[in-house]
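Visitor: sequence first, then the predicted structure:
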Amino acid sequence: MVLANLLLYTVFAYDLEREDFLKLLALYAGLFILLYKIIQFEKWNFKFLLVTGILFRLVFLIAIPNLSQDFYRFIWDGELINQGINPYLYTPNQIIEKSTIIIANSQELYDGMGSLSAKHYSNYPPINQLIFSISSFLGMGSILGSVIWMRVIIILSDIGTVYFGRRLLQNLNQSPHLIFWYFLNPLIIIELTGNLHFEGVMFFLFIWAVHLISKGKYLLAAPIYAASIMLKLVPILFLPLFLPLLGFKKSTFFYVAITVCSILFLIPFYSSEFATHYVQTVRLWFSNFEFNAGFYNLVKTVAVEHYEQKPWEVVKDYGDIVPLLTILIAFLLMVFRDKKSTQSILLSMLVLLSSYYFLSSTVHPWYIVFLVGLSLFTNYRFTLLWSGLVVLSYYAYSQPDFKENLWLLAIEYILVLGFLGYEIMKNHNILAVIRKNN
């Protein structure tokens with residue numbers, strides 16, 4: 001089974017174009033079936049599963065990502081930093097127009113990132129930019145060299161997630177082998193190591209910080225948690241949820257420490273234009289883009305077909321509402337969660353982030369990574385199903401106009417939400433009541 005996995009990952013890395021949806025789907029399905037069987041047979045064999053997961057990742061080491069072009073922008077930003085240029089102040093279009101600024105492989109990187117990325121300011125937080133800079137420096141002007149170093153950082157982070165994830169699971173009196181549903185998950189391997197997305201590095205820092213908090217070392221956890229925020233921003237959503245766990249006094253110190261550390265991370269990039277450019281770019285993700293959406297597609301269909309709204313007006317108005325709803329959900333979870341335990345807080349985080357993604361107009365496959373990791377510390381596994389079904393969203397890349405198939409997206413969300421509903425009834429003994437009454 002391991003050899004079969006290695007073969008499928010090799011085909012995925014070196015003989016697949018993202019336009020070939022049927023081949024992508026077949027490879028992905030095969031990998032998930034093998035994942036289930038390997039963990040079923042060897043779930044207590046820690047060394048075997050760890051080595052196996054590392055081998056699967058090493059298959060991608062010298063491959064150029066084939067499902068995402070974001071890495072070109074990563075290297076671009078890293079090259080700018082290494083020349084002392086703030087990546088938040090200029091768009092790639094502006095840099096290309098300035099013939100006085102020359103970076104290694106500039107035209108290849110510019111063409112590779114695409115016109116959409118080229119016309120916007122960088123939206124990657126400071127710790128992410130640090131990784132780009134280190135990888136570009138060690139890559140010594142080679143695109144493949146930079147890619148390899150980014151992969152090394154991502155692989156090491158995944159190994160760190162196994163280490164701290166197992167320890168946290170043990171602290172919560174749960175089976176430590178559960179972490180391998182993350183470490184061996186094809187979505188995690190393909191989207192992180194394969195396509196160079198840094199959600200895994202963010203999750204590593206986050207779970208390290210939560211592990212320290214569970215041990216009462218919340219001040220030691222603060223800079224690590226701040227680094228997680230400054231890598232991908234997502235953990236900032238969870239800050240209110242620590243108040244019931246830590247209490248007012250400890251939470252205050254925790255929040256102040258995170259704020260101070262975050263400011264220190266931001267200082268090297270600060271300028272008068274930084275805030276304006278960054279907020280402008282981040283806002284685009286809420287009000288301009290749409291991909292693999294759940295509830296949003298339902299709202300848009302009703303608004304456009306029955307109320308004659310313009311699609312671009314719907315996404316803009318909807319994008320203004322989602323952050324407010326997310327803040328409201330966070331507040332409700334903070335106030336009404338009665339159990340002051342690490343496991344309860346992790347469940348609240350899963351509820352909050354799941355709600356956000358179900359409501360969001362943009363849910364790229366790699367966004368699910370954090371949910372997969374979070375769910376393993378709770379009694380919910382719908383995210384594992386979602387990690388398998390999210391590949392259906394790649395159908396859009398097989399179309400010349402990137403048009404999504406709403407039927408495929410409907411299958412994805414109906415199955416995920418249906419299984420979530422089943423788990424809610426199961427975990428709250430509703431199924432037992434129904435059986436008893438029948």
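Guide: Structure received.
Visitor: list the residues that contact residue 124.
Guide: By CB atoms under 8 Å, 6 or more residues apart in numbering, the contact list for residue 124 reads 73, 74, 77, 87, 132. The C-beta positions use only the backbone N, C-alpha and C, and glycine is treated the same way.
Visitor: which one of these has the most neighbours?
Guide: Neighbour counts for those peak at residue 132, which has 28 neighbours (criterion: other CB atoms under 10 Å).
Visitor: quick revisit: and the contacts of residue 124, which two are the farthest apart?
Guide: 74 and 87 (10.2 Å; CB to CB).
Visitor: so which of the contacts of residue 124 is the closest to residue 376?
Guide: Set against residue 376, the nearest of these by CB to CB is residue 74 (27.8 Å).
Visitor: on that earlier part again, any chance of CSV for the contacts of residue 124, columns pLDDT, distance to residue 411 and secondary structure?
Guide: CSV is the format used below for the contacts of residue 124 (pLDDT from 0 to 100; distance: CB to CB, whole Å; DSSP: H, G, I helix; E, B strand; the rest coil):
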residue, pLDDT, distance to residue 411, secondary structure
73, 96, 32, helix
74, 97, 32, helix
77, 96, 37, helix
87, 91, 39, coil
132, 96, 36, helix
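Visitor: isn't residue 353 up against residue 372?
Guide: No: the pair residue 353 and residue 372 fails to qualify as a contact (CB atoms under 8 Å) at a distance of 11.0 Å.
Visitor: these two: which has the busier surroundings?
Guide: Neighbour totals were compared for residue 353 and residue 372, and residue 353 leads with 23 against 20 (other CB under 10 Å).
Visitor: next up, the contacts around the more buried one.
Guide: By CB under 8 Å, 6+ apart, the contact list for residue 353 reads 234, 237, 238, 370, 371, 374.
Visitor: any idea of the mean pLDDT for stretch 394-408?
Guide: Stretch 394-408 shows a mean pLDDT of 91.
Visitor: buried set for that stretch?
Guide: Applying a neighbour-count criterion of 16 or more other CB atoms under 10 Å, one finds 394, 395, 396, 397, 398, 404, 408 buried in stretch 394-408.
Visitor: any idea how far the closest residue to residue 14 other than its chain neighbours is from residue 391?
Guide: Nearest in space to residue 14, with sequence neighbours left out and distances taken as CB to CB, 6 or more residues apart in numbering, is residue 63 at 5.7 Å. Residue 63 is 18 Å from residue 391, where distance means CB to CB, to the nearest Å.
Visitor: between those two, who's got more neighbours?
Guide: Neighbour totals were compared for residue 63 and residue 391, and residue 391 leads with 23 against 20 (other CB under 10 Å).
Visitor: contacts only, for the closest residue to the more buried one other than its chain neighbours.
Guide: Leaving aside its sequence neighbours, residue 391 sits nearest to residue 28 (CB to CB, 6+ apart; 4.6 Å). Residues near residue 28 by CB under 8 Å, 6+ apart: 186, 190, 388, 391.
Visitor: what's the closest of the buried residues of stretch 394-408 to residue 112?
Guide: Among those, residue 397 lies closest to residue 112 (CB to CB), at 15.5 Å.
Visitor: so who does that closest one touch?
Guide: 18, 19, 21, 67.
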